[in-house]
Structures are given as C-alpha cells and as structure tokens.
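Novice: Build me a model from this:
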Amino acid sequence: MNKLITLTCITALSLPTFAESKTSTDKLSIGAGINYNRIDNSMFGGSDLKANGFQVFGGYDHGNKKGFDLSTEVGAISTEDFDNTNTDADGIWIASVIKKELPEINNKLAGLIRIGYGVGGDDGLIMGFGAQLRVNPAVVIRLEYLNKDITQSYQANAVYHF
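Specialist: Numbers count the residues shown, from 1 in each chain. Modelled structure (predicted):
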C-alpha cells in the first residue's frame, strides 16, 4: 500500500499540469479575403478567362529564423465560374510563408513570399509574393499575387493573430 501511494505521488508530480499541456494559441492565426483570378488564353488565340472568389485559411507561426518569420497556412478557395464556362478554381491548399519585416521603409510593413501546393480546381504548385500592413498588434492586411498551375490570383486578405 505504501509503495502504491509513493508511485502515485511520483507519477502525479512528473506529469505536466493541464495548464502546461494546453496548446498555446499565440502561434495560431485565421484569415479570409477576396480574390480576382484569371486564366491566360492568349497563347491559344483566345481572351483571358476571369472569375472572382474568396478564401479562408488558418496558420501556424514557426518563429523567427535569421530575421525571417516562418509560418504554414492551410486554406480553401472558392471562385465563381470563369467567363462563359462551367469551370471554377475551387480547392484546398497548403503553403509555407516567409515574411520579412521592413522597418527601413515603415515599421508596420512586411514583404512575404509563399510556396505551396493546391488540390481541387487548380491542382499543382503555388508560388507568390506580396506585402502586409500591420493595422494593430493582432491584425494585418495582405495584398498578394499568386501564380498557380493554371490560374493567376490577386488576393486581398485580413489576418488575425491570436
């Protein structure tokens, strides 16, 4: 009986408390925005196809490495049908984002690059770049250009960091 009580006390002392085992939300973010998408048909003698849409996403900040903030984002995009077609670019994606603060220009401004992969209406590699402006400590506004497998997307997003 004495050994059982001792074992229970040692086990209880060595386990992390509930507060210590909770995931910290300060590394998480959520975002949403609108997008303008185009498919370049000029190579085939046609005109560009265009569609508007929106996206939602969540992110996880990995921290700062050598002056660059690294994060991973996962999201979903939805677009209208492209002009006079029954084709859209709805899908899901995952991307790595590298952000660099630009205090020499403005202490609220940062540049970013993105590389990832999309599945759905526009399968394949995603690469892009953009800028973000910090509105307050928790909110940023981003403007980005993304080149996907078939489409090019111009995006405006709001991101909330917990």
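
Novice: quick check: longest strand of the protein.
Specialist: Secondary structure of the chain read by DSSP state E shows that its longest strand is strand 49-65.

Novice: pLDDT (mean, whole number) over it?
Specialist: Model confidence over strand 49-65, given as mean pLDDT, is 95.

Novice: Give the buried residues for it.
Specialist: Residues of strand 49-65 classed as buried: Leu49, Ala51, Gly53, Gln55, Phe57, Gly59, Asp61 (neighbour count, 16 or more other CB atoms under 10 Å). C-beta: built from backbone N, CA, C; applies to glycine.

Novice: again with stretch 30-37
Specialist: Of the residues in stretch 30-37, those scored as buried under the neighbour-count criterion (16+ other CB under 10 Å) are Gly31, Gly33, Asn35, Asn37.

Novice: Now the second one: which helix or strand?
Specialist: Element membership of Gly33 [criterion: DSSP states H and E] is strand 28-39.

Novice: Run the chain-centre distance for that strand.
Specialist: Here the centre of strand 28-39 is set off from its chain's centre by 9 Å, with CA atoms, centre = their mean, to the nearest Å.

Novice: Check stretch 97-106 too.
Specialist: The offset between the C-alpha centroid of stretch 97-106 and the centroid of the whole chain comes to 17 Å, using CA atoms, centre = their mean.

Novice: ok, the residue most central in space within the chain to Ile92 distance?
Specialist: With distances taken as CA atoms, centre = their mean, the chain has Glu73 as the residue nearest its mean C-alpha position (3.2 Å). Per CB to CB, to the nearest Å, Glu73 is found 11 Å from Ile92.

Novice: where in the protein is pLDDT low?
Specialist: Counting by pLDDT under 70, the chain has low-confidence residues at 1-23, 42-44.

Novice: in it, which spans are helices?
Specialist: 2-14, 18-21 (DSSP state H).

Novice: re earlier: okay, the angle between the strand holding Gly33 and strand 49-65?
Specialist: Put simply, strand 28-39 runs at 150 degrees to strand 49-65, going by axes from the mean of the first three to the mean of the last three CA atoms, to 10 degrees.

Novice: Strand 28-39 pairs with which strands?
Specialist: Here strand 28-39 is paired, per DSSP bridges, with strand 49-65 (antiparallel), strand 152-161 (antiparallel).

Novice: okay if I get the ones you listed as CSV plus distance to Leu109?
Specialist: What follows is the strands paired with strand 28-39, written out as CSV (distance: least, CB to CB, whole Å):
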stretch, distance to Leu109
strand 49-65, 17
strand 152-161, 14
